[in-house]
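Chemist: return atomic coordinates for the entry below.
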Amino acid sequence: MRFSRLGIIVLIAFTILTGANCSYYNRIIARKNLVDGATAYKDRKFQVAEQLFRKTVDIDPNGETMEGKTAQLFLARTLHSEFISDRKRTDLAEQAVQAYEKVLQRDVNDQGSFKALASLMEVLDRKDEALQRITERAGNEKVNPAYRAEAYTSLAARKYSCANDISDNDPVKKTVKKDGKDVYQYNKPEKQEDFDKLKGCAQDGLDLVEKALAMEPPEVKQMKDLNLKSMTPADIDAKEELLKIFSSAWSYKANLLYQKMRIAEMDKNETDKASFKSKGDEARSVFTGLNEVEKNMDAEKDARKKAEEEKNSNKK
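Modeler: Presented below is the predicted three-dimensional model:
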């Protein structure tokens, strides 16, 4: 995972401007450590940055001040970056997990920290713990609904993989000739337990993704009418983050409905097969529309970046 070094400096600068409630001396020392730590991080001197952020955390271990909260967050990110630089140092990854845990104890809606935490747990082969954390997040009403929806979609994605691992392999999936063309034919797995597992995973996944889409705010579908040129970069980024969450959910809904279509074909139920195909096509159409809006957002950001680069080039 890559972290924005400029973002670190901007956040630390914000910290300095907002002030804190610790003693004047500690406040000055904490801020100096933060600024020096940000500079070291920017220069990829991660060990130096780590020590500086640790010193600030020691000043405010409970994260009661903005300085303490910021130091804990960037200590986690620094440890994570150190691990990425040396994948053998799993001890650093474990420390990063603990640091992210502390960040989330204070701010459950820090989505970046949660996703980094879950990713590290997967890398450390703590998959059951990661799954438990994602499941808990999905059901936690204190979490932003969009982030809960992302958690539900993550769970649905696992169920989709479970189903697809069965339905997308020979001899279940075969290529046959129909009207002179190659088409796929889906047959029941040889083992009944595999067929039961396929049906269970497909249905569970669909149930989970429906929970995600139940949290979709009206503004998602209204984004096709956005006037991107009138929006600030920050506003576009915020809208795009929300869009990506529900675009992914619609994509998985379509794919899970196609899994149900395959199951209906295996059961030789042509009515259900046609129904699931139609519903899957509808979901895919929604996804395609949202994906087009996302592409437009990226094109607008690229155009602005290019214009800024040309402007700076002409000044030289």
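
Chemist: which stretches of the stretch 1-150 of the chain have low pLDDT?
Modeler: The stretch 1-150 of the chain contains residues with pLDDT under 70 at 1-22, 24.

Chemist: quick one: the helices in it, in order.
Modeler: Using DSSP state H, counting those that start in this stretch, the helices of the stretch 1-150 of the chain run over 5-18, 24-42, 46-59, 66-85, 90-106, 111-123, 127-139, 145-167.

Chemist: how about the ones you listed, which one is nearest residue 239?
Modeler: helix 145-167 (11.5 Å; C-beta to C-beta). C-betas here are computed from N, CA, C, even on glycine.

Chemist: pull out the buried positions in the host helix or strand of residue 206.
Modeler: Per DSSP states H and E: residue 206 is located in helix 192-213. For helix 192-213, the buried set under the neighbour-count rule, 16 or more other C-beta atoms under 10 Å, comprises 195, 197-199, 201-206, 208-209, 211-213.

Chemist: re the thing from before, format the helices of the stretch 1-150 of the chain as TSV; extra columns: mean neighbour count and distance to residue 311.
Modeler: Formatted as TSV, the helices of the stretch 1-150 of the chain follow (neighbours: other C-beta atoms under 10 Å; distance: least, C-beta to C-beta, whole Å):
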stretch	mean neighbour count	distance to residue 311
helix 5-18	15	19
helix 24-42	18	25
helix 46-59	20	33
helix 66-85	24	32
helix 90-106	18	38
helix 111-123	19	31
helix 127-139	16	43
helix 145-167	21	35
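
Chemist: can you lay out these as a markdown table showing distance to residue 266?
Modeler: Below are the helices of the stretch 1-150 of the chain laid out as a markdown table (distance: least, C-beta to C-beta, whole Å):
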| stretch | distance to residue 266 |
| --- | --- |
| helix 5-18 | 49 |
| helix 24-42 | 54 |
| helix 46-59 | 53 |
| helix 66-85 | 43 |
| helix 90-106 | 42 |
| helix 111-123 | 32 |
| helix 127-139 | 28 |
| helix 145-167 | 8 |
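
Chemist: out of those helices, which comes closest to residue 272?
Modeler: With C-beta to C-beta, the closest approach to residue 272 among the helices of the stretch 1-150 of the chain belongs to helix 145-167: 15.1 Å.

Chemist: give me the packing partners of the closest one, helices and strands only.
Modeler: The contact analysis (3 or more C-beta pairs under 8 Å, 6 or more residues apart in numbering; DSSP states H and E) places helix 145-167 against helix 111-123, helix 127-139, helix 192-213, helix 233-266.

Chemist: pull the CA atoms of the next helix or strand after it into CSV?
Modeler: Next along the chain after helix 145-167, taking DSSP H and E as the criterion, comes strand 173-178. Output of strand 173-178 as CSV, limited to C-alpha atoms (Å, rounded to 0.1, in the frame of the first residue of the first chain):
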residue,chain,number,x,y,z
LYS,A,173,-18.1,-25.5,-17.4
LYS,A,174,-17.7,-26.9,-20.9
THR,A,175,-17.5,-25.3,-24.4
VAL,A,176,-20.0,-26.7,-26.9
LYS,A,177,-21.2,-25.9,-30.3
LYS,A,178,-24.6,-24.2,-30.7
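
Chemist: can you give the contact residues for stretch 176-187?
Modeler: With contact meaning C-beta atoms under 8 Å, 6 or more residues apart in numbering, stretch 176-187 is reached by 167, 171, 172, 173, 174, 175, 262, 265, 266.

Chemist: how much space between the closest residue to residue 129 other than its chain neighbours and residue 150?
Modeler: With sequence-adjacent residues excluded and distances taken as C-beta to C-beta, 6 or more residues apart in numbering, residue 129 is closest to residue 121, at 5.3 Å. Separation of residue 121 from residue 150 (C-beta to C-beta, to the nearest Å) stands at 16 Å.
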